[in-house]
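Enquirer: need a 3D model of the sequence below.
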Amino acid sequence: KTKNLIEMKSFIQKTGVLIAMLSAFLSAYAEDFIVDSICYKITYKSGMVDGSECAVAGKYDNDRYYCNRFINIPEQVSYNGYNYKVTEITPSAFDYTYGATIVIPSSVKSIGESSQHLHTENNIVYFLCEARVYINFILSSNHCYYINNASNRSNCYNMVELVSEECEYSGKKPEVSYRNYLKQNEGIDVSLDFSSIEKDAGTYTTNIHAKASNGIQWDIPFTYTIKKKTLNAVVADNERMYGDENPKFRCASVDGFVNNEGVSNLDNPIRLSTEATPQSKTGTYPIVATLEDKNYTLNSTNGKLTVVKAPLSVSVKNCTKVYGDPNPSFSLSYAGLKNGETSPNMQQAFKITTEASAKSPCGTYPINISGGVSDNYDISSYTPGELAVTKRDLTCKAGDYERLYGKDNPEFKVSYAGFANGDDESSLTVKPKAECNATKESNVGDYAIYVDGGKSDNYNFVYKDGKLTVNPLVIGFKDEYQTVTYDDMSKSSSES
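Expert: The predicted model follows:
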């Protein structure tokens, strides 16, 4: 029994190993499901509708060699409620296949090697077979290769190579040149559909549909660039005065349009601008041309804006001063100022002169103006002003005096306040006089002393009265009489 048990155990172990090996073999090469006659093996199942992955295990039909067939592998297949992303091709999936067109999607990241029929090297896939084939393989990038000799992979060509990948905008769709290696090597004609090619400048990626005379069709991804056409513009010079708005600028010439196009075909007009503003000083400023357009770029020769001086008229304002005073500061008025200015910016000041001085007699004197250099103005005219020298006030005051009743008035004198330039009463044309209406007979009291009658070219007389006080007369008597004061002095003492 023991021997039988040992032998049975050994048999079971060996059988288990064989089963495990067979299971591994079958799991490596057997398919899990078939869609559109292509066999797939599940390599990863996420448990959700999306996110699972699978590998191509081969093509399922009666002819396992798949010769002269078109096999289009999709990026994703759906099976039993799950979406599987195709990421691999298993080894020997296409054994003994020749003369076939196989399209592999970009989702495929791994292709299992077959020592005889399928090989990958440096991300280039060669579909190798013993016989000559016209179309060997289409990669995920849709680059197609024709192999002249399966054992010599250096003789590898694109079936059709598009070579015009960059051109300049011409106003129409560019002509794309290409090399037909199928025609060159096998005599197979290929027609290409360029209807998806754009006309406007830019970088584009499109599919060019190819159709070979033997019935094979495929799309060739094509990335191409249409560069903008360069226009040559010359900006015209212009001129304006300081303080004015910029004039309308223009181009003297614009060359380089294609296909009978012109400025009306531009997305936006050519923009002409300058940094100069109405406040900019006189000088020269560049006029720059810029362009925003989808098909044209601009190479321009700048123009020149010359800001010239604006005309300015200057006048001296009339003014006055009093005889004997120094000349005042002279003020100017302007006609033609810009930008709200109240006075021009001067490099050299105006020269303002007059013959009048502090000693000049009363009268009118011209104030002359000349010279002056401004940054932004051209002095076009000068208008002189007038300085009027007016009379100076001279205060003439009579003195205050006293006298006794019955006496003669004293000599009245006049005092002065306000002489200038060392003048005195001798400088007067007619001296003023001080007079009083009081006489010897005038009663005791105060009487005004009037000043009047003065004349002068340079002085304006301001008279101030004085005062004469008439005091009573004092009379004295001897012995028996006291001193008596009489109000009425017209009577004699004997009469009293």
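Enquirer: use CA for all of it now, contacts and neighbours both
Expert: Will do.
Enquirer: hey, where'd the strands end up in the stretch 201-350 of the chain?
Expert: Along the stretch 201-350 of the chain, the stretches classed as strands by DSSP state E, counting those that start in this stretch are 202-212, 217-227, 229-235, 238-241, 251-255, 271-273, 283-290, 296-301, 303-308, 310-316, 319-322, 332-335, 346-354.
Enquirer: looking at these, spot the one closest to V430.
Expert: strand 319-322 (20.5 Å; Cα to Cα).
Enquirer: give me phi/psi at the residue nearest the centre of the chain?
Expert: Using Cα atoms, centre = their mean, the residue of the chain that lies closest to the mean C-alpha position is E275, 9.8 Å off. Note on E275: backbone dihedrals following degrees, to the nearest 10 are phi -80, psi -10.
Enquirer: with adjacent residues omitted, what lies nearest to it?
Expert: For E275, ignoring the flanking residues on the chain, the nearest one in space by Cα to Cα, 6 or more residues apart in numbering is Y285 at 7.1 Å.
Enquirer: who's in contact with the one you found?
Expert: 274-276, 304-307 (Cα atoms under 8 Å, 6 or more residues apart in numbering).
Enquirer: now N327
Expert: Going by Cα under 8 Å, 6+ apart, N327 touches 321, 356-358.
Enquirer: which PyMOL command selects the buried ones in those?
Expert: Selecting only the buried members of those in PyMOL, with burial defined as 16 or more other Cα atoms under 10 Å, works like this:
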select buried, resi 321+356
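Enquirer: out of the contacts of N327, which comes closest to D267?
Expert: Relative to D267, the closest of the contacts of N327 is K321; by Cα to Cα it sits at 70.3 Å.
Enquirer: helix, strand or coil for the closest residue to E198 other than its chain neighbours?
Expert: The shortest distance from E198 to any non-neighbouring residue, by Cα to Cα, 6+ apart, is to K173 (6.0 Å). Secondary structure state of K173, per DSSP: H, G, I helix; E, B strand; the rest coil, is coil.
Enquirer: so K173 touches A201, yeah?
Expert: No: using Cα atoms under 8 Å, K173 makes no contact with A201, being 10.0 Å away.
Enquirer: who has more neighbours out of those two?
Expert: Neighbours of K173 and A201, each counted by other Cα atoms under 10 Å, are more numerous for A201; the result is 21 against 16.
Enquirer: and the nearest residue to that one once chain neighbours are set aside, how close does it get to N295?
Expert: Excluding the flanking residues, the one nearest A201 by Cα to Cα, 6+ apart is I226, at 4.6 Å. Distance of I226 to N295, given as Cα to Cα, to the nearest Å: 9 Å.
Enquirer: L182 belongs to a helix, doesn't it?
Expert: Yes: under three-state DSSP, L182 sits within a helix.
Enquirer: that one: how many residues sit nearby?
Expert: Residues near L182, counting by other Cα under 10 Å, number 20.
Enquirer: likewise for C251?
Expert: The burial count for C251: 18, using other Cα under 10 Å.
Enquirer: now Y382
Expert: Residues lying near Y382 (other Cα under 10 Å) number 16.
Enquirer: bridging residues for the nearest residue to it once chain neighbours are set aside?
Expert: For Y382, ignoring the flanking residues on the chain, the nearest one in space by Cα to Cα, 6+ apart is V314 at 5.2 Å. Using DSSP bridges, the bridge partners assigned to V314 are Y334, Y382.
Enquirer: now do the contacts for V314.
Expert: Counted by Cα under 8 Å, 6+ apart, V314 has contacts 332-335, 379, 381-383.
Enquirer: top of these by neighbour count?
Expert: Ranked by neighbour count (other Cα under 10 Å), the contacts of V314 have I379 at the top, with 19 neighbours.
Enquirer: going through the contacts of Y285, which ones are buried?
Expert: Of the contacts of Y285, these count as buried by 16+ other Cα under 10 Å: 274, 276, 304-307.
Enquirer: which ones are touching T87?
Expert: 53-55, 75, 107-110.
Enquirer: which helix or which strand is home to it?
Expert: For T87, the host element (DSSP states H and E) is strand 82-89.
Enquirer: please identify the buried residues of stretch 208-227?
Expert: Per 16+ other Cα under 10 Å, stretch 208-227 contains these buried residues: 208-212, 217-220, 222, 224-227.
Enquirer: no, scratch that, I was asking about stretch 177-187
Expert: 180-182.
Enquirer: just the closest of the residues you listed to V451, please.
Expert: Of the buried residues of stretch 177-187, the one sitting nearest to V451 (Cα to Cα) turns out to be N180, at 131.5 Å.
Enquirer: verify the stated contact: the closest one with V163.
Expert: No: N180 lies out of contact with V163 (Cα under 8 Å); the separation is 10.8 Å.
Enquirer: pLDDT value on Q184, please?
Expert: Predicted confidence (pLDDT) for Q184: 74.
Enquirer: kindly apply the preceding question to S442 instead.
Expert: 94.
Enquirer: any low-confidence regions in the stretch 51-200 of the chain?
Expert: 59-70, 92, 94-103, 110-159, 185-186 (pLDDT under 70).
Enquirer: all helices for it, in order.
Expert: Applying DSSP state H, counting those that start in this stretch to the stretch 51-200 of the chain gives helices spanning 181-186.
Enquirer: what's the closest residue to D219 other than its chain neighbours in contact with, if anything?
Expert: In this structure, D219 finds its nearest non-sequential neighbour in H209, 4.4 Å apart by Cα to Cα, 6+ apart. Counting by Cα under 8 Å, 6+ apart, H209 makes contact with 192-194, 217-220.
Enquirer: if we go to 6 Å?
Expert: Taking Cα atoms under 6 Å, 6 or more residues apart in numbering as the contact definition, H209 lies against 192-193, 218-219.
Enquirer: please, which helix or strand holds the closest residue to G445 other than its chain neighbours?
Expert: Closest residue to G445 apart from its sequence neighbours, by Cα to Cα, 6+ apart: V470 at 5.1 Å. Assigning secondary structure by DSSP H and E places V470 in strand 466-471.
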